[in-house]
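> No sequence on hand, only this structure:
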C-alpha cells in the first residue's frame with residue numbers, strides 16, 4: 001500500500017519526504033529506489049483555470065498516465081484536499097479519479113495529512129482509506145529536535161547572515177515547549193530561531209548590503225536619465241550620461257577590487273531567543289540569571305490588610321520565577337474566600353501583573369481572563385466553556401475557555417463566584433488541576449500548565465459579617481483577633497465542604513480566607529486613593545491638591561460597611577471629593593485655579609480653590 005503520513009502540523013511529515021528525496025539523490029537507498037524521482041502534486045494548480053466540465057479530470061488523468069509504470073513517486077501533501085477537489089455537477093472529484101489507479105498498483109503515492117483531517121475526510125471513505133497504509137508521525141523529543149536543528153541551522157545562518165549558537169538552539173526548544181504548547185517540535189523551535197534572526201538582522205542592518213543597494217540605486221538613476229535623454233532625442237546628453245555611468249562603475253570597482261566585505265555575522269544567544277518569545281506572546285519572561293525583585297514588598301504595597309494572601313501569592317511567584325513549579329500542573333491554584341470588597345479580585349490582578357509583566361484589564365483579552373461563573377448555573381452551559389458536542393450548533397467554533405487558553409497559554413484565569421456554577425461544571429476543574437490539560441469538544445488537548453487558576457467565592461458571608469464589627473473597630477487585642485480569624489476560617493471551610501466536593505478541594509494548592517478590612521486597612525486604602533488623585537491632578541491639570549487629615553476620617557466613617565468593603569471607599573471619595581473638584585474645574589463662572597484645599601467644616605466636606 002501507499003504510505004500515508006499522519007501527524008500534527010509541524011512534526012516533520014514533509015521533511016521526511018524531502019529526506020527521502022535527498023537519500024535517493026545521494027544513492028543512500030536500496031537498489032529498488034535508486035532511480036526513483038519524487039514529484040509534489042499541487043492540487044490547487046491542477047484545479048486553477050479549469051472552466052469547462054471535464055477539463056480538471058483530463059488534467060489529472062494526464063498526470064496519472066505520466067506517473068504510471070514509471071520511476072515516479074507522487075507526493076500529495078494535505079491529501080484530504082483531494083476529496084471534493086474539482087467536483088462539479090455530473091463530474092468526479094480527484095479522490096474518485098485516483099482510486100482506480102491506486103487499486104491497480106501502478107501508481108506510487110506518498111500522502112500526508114493531520115489526524116483530524118484523516119478522520120473527517122479519508123477515514124469516512126473506506127474505498128480510499130484502504131489504498132493507503134497509515135503511518136503515525138509523532139512529535140520529536142527535545143534531544144532529537146536539537147540534532148535536527150543543528151543540521152538545519154546552516155540554511156538559516158546563510159540566509160540571515162547570523163551564527164546560531166547551540167545554547168540558542170536549546171533555548172528555542174525550551175522556550176517553545178514551555179510557552180507554545182499548542183505547536184509541535186521541531187517546527188516551533190525553528191520558527192522561533194528564524195524569527196529571532198530576522199529581528200536581529202532588522203535591528204542591525206548590514207552595512208555591506210546597504211553599500212551595494214546604494215550603488216545599484218545610483219546605476220538605476222543613470223539608466224533612467226540616459227533613457228529619458230534618448231527618448232527626447234538629446235543624444236549628446238545621453239553620451240555624457242553614459243560616460244558618467246562608466247566612470248562611476250570604474251570608481252566603484254577601484255574602491256572594491258575584491259567585492260564588498262560582508263559584516264561579521266551576529267551571534268544569536270539565548271537572551272535573544274527569550275526577548276523574541278516575550279515579544280510574540282506579549283509577556284515578561286524573567287532572566288533566571290538576573291536577581292529576583294522583592295515581590296513580597298511589592299504585593300504588600302498593593303494588597304492591604306491580607307497578610308496570609310501576600311504570603312501565599314509570594315510563594316507562587318517565587319517558585320514560578322525560580323522555575324521550580326511542577327511541569328505537569330498549573331503554576332498555582334487558589335480558592336479565595338471572603339466577603340465582597342476585601343481585595344480578592346484585586347489580588348488576582350496584582351498576581352497576574354507580577355507573573356506576566358503586563359497590567360491586565362477586564363476589557364482587554366490579554367493574560368488576565370475573567371469568567372463569571374454565575375453565567376454557568378445550568379448543566380448544559382459547560383458547552384460554552386469547552387465547546388458544543390458534535391451535532392450541535394457551534395460545534396466547530398470551540399469553547400470560550402479552551403479558545404482563550406489556546407491563544408493565550410500563559411494567563412491567569414479568574415473564576416469569579418464559583419459557588420454559583422452548576423455542580424457538573426466542577427468536573428472540568430478536576431482535569432485542569434490534576435493534569436493541567438482540558439479536552440475540548442473538538443477533541444483537542446488544551447494545556448493549562450502555564451496558567452494560574454484562581455477561584456473566588458462568597459461562601460460564609462454571614463460568618464464574616466457576624467464578626468466584621470470587631471475587625472473594623474480595631475478594639476481587640478492581637479490574640480483575640482487571631483482567635484476570631486481562626487474561628488471564622490474554620491466555620492467558612494465547613495460551609496465550603498457542603499458546596500464543593502472533597503476531590504476538588506484536595507487539588508487546590510491553597511485556600512485563602514480574606515478577612516474584613518480593619519480601621520488601619522481602610523485608612524491605608526483611603527490614603528492611596530487620595531494620593532493617586534493628588535498625583536493625577538498635578539500631572540494632568542497642574543493643580544496642587546491638599547487634603548486635611550480630618551477628611552480621611554470623614555471618608556472612613558462614611559465607608560464602614562462589612563457588606564461592601566473597600567468598594568464603598570471608592571464611591572464615597574467620588575461623591576464627596578472627586579465630583580466637587582470636577583464641578584469646580586469645569587465651571588464656566590469660576591476662574592481657573594491652581595490650588596485646591598479640602599477640609600471639614602460643620603461636619604461636611606468643604607472645597608477651597610485658588
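Okay, I see it. What you see is a predicted model, and the numbers here were worked out from it, not measured in a lab.
> Can you pull out the low-pLDDT segments for the stretch 451-600 of the chain?
Across the stretch 451-600 of the chain, residues meeting the criterion (pLDDT under 70) sit at 460-485, 561-565.
> same check, this time on the stretch 201-350 of the chain
Using pLDDT under 70 as the threshold, the predicted model of the stretch 201-350 of the chain has low-confidence ranges 205-212, 252, 255-264, 283-295, 320-321, 323.
> Could you report the neighbour count for residue 516?
Summarising burial for residue 516: neighbours were counted as other C-beta atoms under 10 Å, giving 25. Backbone N, C-alpha and C define where each C-beta goes, glycine included.
> for residue 246, same thing?
Here the number of neighbours of residue 246 (other C-beta under 10 Å) works out to 11.
> Before we move on, what's the pLDDT of the residue nearest the centre of the chain?
Centroid-nearest residue in the chain: residue 408, 3.2 Å away (criterion: C-alpha atoms, centre = their mean). At residue 408 the predicted local distance difference test score is 79.
> Find the nearest non-adjacent residue to it, please.
On the basis of C-beta to C-beta, 6 or more residues apart in numbering, the spatially nearest residue to residue 408 that is not a chain neighbour turns out to be residue 367, at 6.0 Å.
> I'd like the distance between that neighbour and residue 510.
As defined by C-beta to C-beta, to the nearest Å, residue 367 lies at a distance of 21 Å from residue 510.
> Same check on residue 582?
Residue 582 is 42 Å from residue 510, where distance means C-beta to C-beta.
> For those two, indicate the residue with more neighbours.
It is residue 510, of residue 582 and residue 510, that has more neighbours when counted by other C-beta under 10 Å, with 16 against 11.
> you'd agree the more buried one is up against residue 337?
No. Here residue 510 lies out of contact with residue 337, judged by C-beta atoms under 8 Å, at a distance of 11.1 Å.
> now for the helix or strand harbouring residue 430, which elements pack on it?
Secondary structure here is read from DSSP states H and E; on that basis residue 430 sits in helix 426-435. On a contact count with 3 or more C-beta pairs under 8 Å, 6 or more residues apart in numbering; DSSP states H and E, helix 426-435 meets strand 437-439, strand 452-457, helix 502-505.
> can you redo those as TSV with distance to residue 246?
Compiled in TSV, these are given as follows (distance: least, C-beta to C-beta, whole Å):
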stretch	distance to residue 246
strand 437-439	70
strand 452-457	69
helix 502-505	84
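> of all those, which lies closest to residue 269?
The stretch from the helices and strands packed on helix 426-435 with the least distance to residue 269 (C-beta to C-beta) is strand 452-457; that distance is 29.5 Å.
> Direction included, what does that closest one pair against?
The partner list of strand 452-457 in its sheet, established with DSSP bridges, is strand 332-337 (parallel), strand 412-416 (parallel).
> Of those, which is nearest residue 176?
Each of those was checked against residue 176 via C-beta to C-beta, and the shortest separation belongs to strand 412-416, namely 21.5 Å.
> I'd guessed residue 382 sits against residue 426; true?
No. Applying C-beta under 8 Å as the test, residue 382 and residue 426 come out as separate, 10.0 Å apart.
> what sits against residue 584?
Applying C-beta atoms under 8 Å, 6 or more residues apart in numbering, one finds that residue 584 lies in contact with 590, 593, 596, 607, 609.
> Out of these, give me the one that has the most neighbours.
residue 596 (22 neighbours).
> Tell me how many other residues crowd residue 595.
Based on other C-beta under 10 Å, the number of other residues close to residue 595 is 11.
> what's it sitting at in phi/psi?
Backbone torsions of residue 595, given as degrees, to the nearest 10, read phi -140, psi 140.
> And residue 606, by the same measure?
Backbone dihedrals for residue 606, given as degrees, to the nearest 10, come out at phi -120, psi 140.
> Please name the bridge partners of it.
According to DSSP bridges, residue 599 are recorded as the beta-bridge partners of residue 606.
> Count the neighbours of it for me.
Around residue 606 there are 13 other residues, counting by other C-beta under 10 Å.
> So it sits against residue 577, correct?
No. Under the contact definition of C-beta under 8 Å, residue 606 does not touch residue 577, with a separation of 11.1 Å.
> where do the contact lists of these two overlap?
With contacts defined as C-beta under 8 Å, 6+ apart, the residues shared by residue 606 and residue 577 are residue 598.
> Run through the stretch 1-150 of the chain and note the low-pLDDT ranges.
Ranges of the stretch 1-150 of the chain meeting pLDDT under 70: 52, 84-92.
> Point me to the helix or strand that includes residue 200.
For residue 200, the enclosing helix or strand under DSSP H and E is helix 187-203.
> The next helix or strand along the chain from that helix packs against which elements?
Beyond helix 187-203 in the direction of the C-terminus, DSSP H and E gives the next helix or strand as helix 207-231. Using 3+ C-beta pairs under 8 Å, 6+ apart as the contact criterion, the neighbours of helix 207-231 among helices and strands are helix 235-255.
> Which positions in the helix it packs on come out as buried?
Taking 16 or more other C-beta atoms under 10 Å as the basis for neighbour counts, the residues of helix 235-255 that come out buried are 238, 241, 242, 245.
> elements contacting that helix?
Secondary-structure packing of helix 235-255 (3+ C-beta pairs under 8 Å, 6+ apart): helix 207-231.
> Centre of the chain to the helix it packs on, how far?
Relative to the chain's own centre, helix 207-231 is displaced by 45 Å; criterion: C-alpha atoms, centre = their mean, to the nearest Å.
> Let me know the average pLDDT across stretch 421-430.
Taken as a whole, stretch 421-430 has a mean pLDDT of 85.
> quick one, helices of the stretch 1-150 of the chain?
For the stretch 1-150 of the chain, the helices identified by DSSP state H, counting those that start in this stretch occupy 13-26, 43-47, 55-67, 94-104, 115-117, 126-129, 142-160, in order along the chain.
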